[in-house]
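Participant: this is a predicted model, with the sequence first.
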2 protein chains.
Amino acid sequence: MPQTPSRTERSRTAILSAAFELYTEQPYGRLTIEGIAARAGVGKPTIYRRWNSKGAVVLEALMEHVPPTAFPDTGDLVRDLRTWLHGIAGLLADPDRGPLFAGLVGAAQLDPELAEAWRERLYRPIRAAGADRLRAARDGGGLPPVDTDVLLDLLTGPIWFRLLVAGETPTREYADAVLDAVLRTP
Amino acid sequence: MPQTPSRTERSRTAILSAAFELYTEQPYGRLTIEGIAARAGVGKPTIYRRWNSKGAVVLEALMEHVPPTAFPDTGDLVRDLRTWLHGIAGLLADPDRGPLFAGLVGAAQLDPELAEAWRERLYRPIRAAGADRLRAARDGGGLPPVDTDVLLDLLTGPIWFRLLVAGETPTREYADAVLDAVLRTP
């Protein structure tokens, strides 16, 4: 028999659903903790007990509904990098999901709490997982002799750049071209 | 004797100064054409005669006050690329000017007219100048055999990625590391 979710868990789910719905309905700048509380049917203190800012709750809501692309591990690092970059490009190029991430990174330029939540919850964990894989497989991985952080930036930076700065769609073919250029495997 | 600026030129200057001042005082989302017109002492139609959106006028104001980094031409392409990337990193890492550009790219994620103005007025012209240089110097330039567009993304993408996604300062040393990694000249 499935366990009945606790009251805490139910309110968490309601808050995250409300935050996600509201974020898809209006720009981040117009969202408020009050609005999320009202939609979720909870009081503001219930939200603040778990999250310290609007940015933190919206980011967690987005991650709950669109789980970030995990770093695969098949033993073949180049193949795993390709899969991972395809996942990032696929997410950011998706007409429904891409703008949610672009909009959140955009809003983070004007909201230091959102920027911090983004870095803490999303950017740094994924980055650390990628860096661990690259460092572990270094010798046999078929990678160029480039600093791990710079290498990860060379792989993921252009995809985000296309989306945010160039205003173009980062396709899977584009991710392939970036990976091939970095590895020099045309 | 210096020529007296025409009335059109005076109102253009007043509008761009007002737009720049207002943009440094408040987030882009709160700016309005009404507010710019009021600060400049002109009517809204005077603004709309020249610019078709708030994004277009704010972008031109920013470019007027912080001219974009031109692509140098000394005949040594790698040296020119380094100078150019230093310029971009220096601009984006500057505590006064960097946030103006980050904020504008951020706002562009939520404002299609600003995004279009950004691409038309800033991104594409600089990009085209860079691509022309790379294509012209291709054989003797010391560059890797990589598609010009991908190569430019590999050089500039990581710098923007650091600023917008990682929330870190893209230093000149970082720009050097990116260029050296792409050229494989450690």
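Facilitator: Perfect, I can see it now.
Participant: and the worst-scoring helix or strand of chain A on mean pLDDT, how far out from the chain's middle?
Facilitator: When each helix and strand of chain A is scored by mean pLDDT, DSSP states H and E, helix A:124-136 comes last, with a mean of 89. Relative to its chain's centre, helix A:124-136 lies at 15 Å (C-alpha atoms, centre = their mean, to the nearest Å).
Participant: hey, C-alpha coordinates of the very next helix or strand once past it in CSV?
Facilitator: Following helix A:124-136 in sequence order, the next helix or strand is helix A:148-161 (DSSP states H and E). Below are the C-alpha coordinates for helix A:148-161, written out as CSV (Å, rounded to 0.1, in the frame of the first residue of the first chain):
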residue,chain,number,x,y,z
THR,A,148,39.5,20.8,-17.4
ASP,A,149,37.6,24.0,-16.6
VAL,A,150,38.5,25.6,-19.9
LEU,A,151,37.7,22.3,-21.7
LEU,A,152,34.2,22.2,-20.1
ASP,A,153,33.7,25.9,-21.0
LEU,A,154,34.8,25.2,-24.6
LEU,A,155,32.2,22.4,-24.9
THR,A,156,29.2,24.0,-23.1
GLY,A,157,29.9,27.7,-23.6
PRO,A,158,29.2,27.9,-27.3
ILE,A,159,25.8,26.1,-26.9
TRP,A,160,24.7,28.7,-24.3
PHE,A,161,26.3,31.5,-26.3
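Participant: any regions of chain A where pLDDT drops low?
Facilitator: A:1-3, A:138-140, A:186 (pLDDT under 70).
Participant: per-domain residue ranges of it.
Facilitator: The record's domain parsing of chain A by automatic domain parsing lists A:7-64, A:68-183.
Participant: and residue B:61, which of the ones you listed is closest to it?
Facilitator: Nearest to residue B:61, of all the domains of chain A, is domain A:68-183, at 17.8 Å by C-beta to C-beta. All C-beta atoms are positioned from the backbone trio N, CA, C, and that covers glycine.
Participant: what separates the helix or strand harbouring residue A:176 from the chain centre, distance-wise?
Facilitator: In the assignment (DSSP H and E), residue A:176 maps to helix A:172-183. Relative to the centre of its chain, helix A:172-183 is centred 20 Å away, using C-alpha atoms, centre = their mean.
Participant: go on, stretch A:110-121?
Facilitator: 12 Å.
Participant: longest helix of chain A, counting residues only.
Facilitator: helix A:7-25 (DSSP state H).
Participant: can you give me the buried ones in it?
Facilitator: A:11, A:12, A:14, A:15, A:16, A:17, A:18, A:19, A:20, A:22, A:23 (16 or more other C-beta atoms under 10 Å in any protein chain shown).
Participant: can you check stretch A:94-102 too?
Facilitator: A:98, A:99, A:100, A:101, A:102.
Participant: residue A:165 is in contact with the last one, correct?
Facilitator: No: counting by C-beta atoms under 8 Å, residue A:102 sits too far from residue A:165 to count as a contact (10.7 Å).
Participant: chain B versus the closest residue to residue A:50 other than its chain neighbours, what's the distance?
Facilitator: Spatially, and ignoring its direct neighbours in sequence, residue A:50 is nearest to residue A:12 (6.8 Å; C-beta to C-beta, 6 or more residues apart in numbering or on different chains). Using C-beta to the nearest C-beta, to the nearest Å, we find residue A:12 at a distance of 27 Å from chain B.
Participant: got it, and residue A:141?
Facilitator: Separation of residue A:141 from chain B (C-beta to the nearest C-beta): 16 Å.
Participant: now do residue A:158
Facilitator: 4 Å.
Participant: my read: that residue touches residue A:178, true?
Facilitator: Yes: in this structure, residue A:158 is within contact of residue A:178 by C-beta under 8 Å, at 5.0 Å.
Participant: which residues touch residue A:102?
Facilitator: When contacts are counted by C-beta atoms under 8 Å, 6 or more residues apart in numbering or on different chains, residue A:102 touches A:92, A:163, A:164, B:109.
Participant: ditto for residue A:162
Facilitator: A:168, A:169, A:170, A:174, B:153, B:157.
Participant: number of nearby residues for the nearest residue to residue A:27 once chain neighbours are set aside?
Facilitator: Once flanking residues are discounted, residue A:27 sits nearest to residue B:110: 5.0 Å by C-beta to C-beta, 6+ apart. For residue B:110, the count of nearby residues is 18 (other C-beta atoms under 10 Å in any protein chain shown).
Participant: for residue B:110, which residues are in contact?
Facilitator: So residue B:110 contacts A:27, A:28, A:29, A:103, A:106, A:107, B:29 (C-beta under 8 Å, 6+ apart).
Participant: nearest spatial neighbour of residue A:89, chain-adjacent residues omitted?
Facilitator: residue A:175 (4.1 Å).
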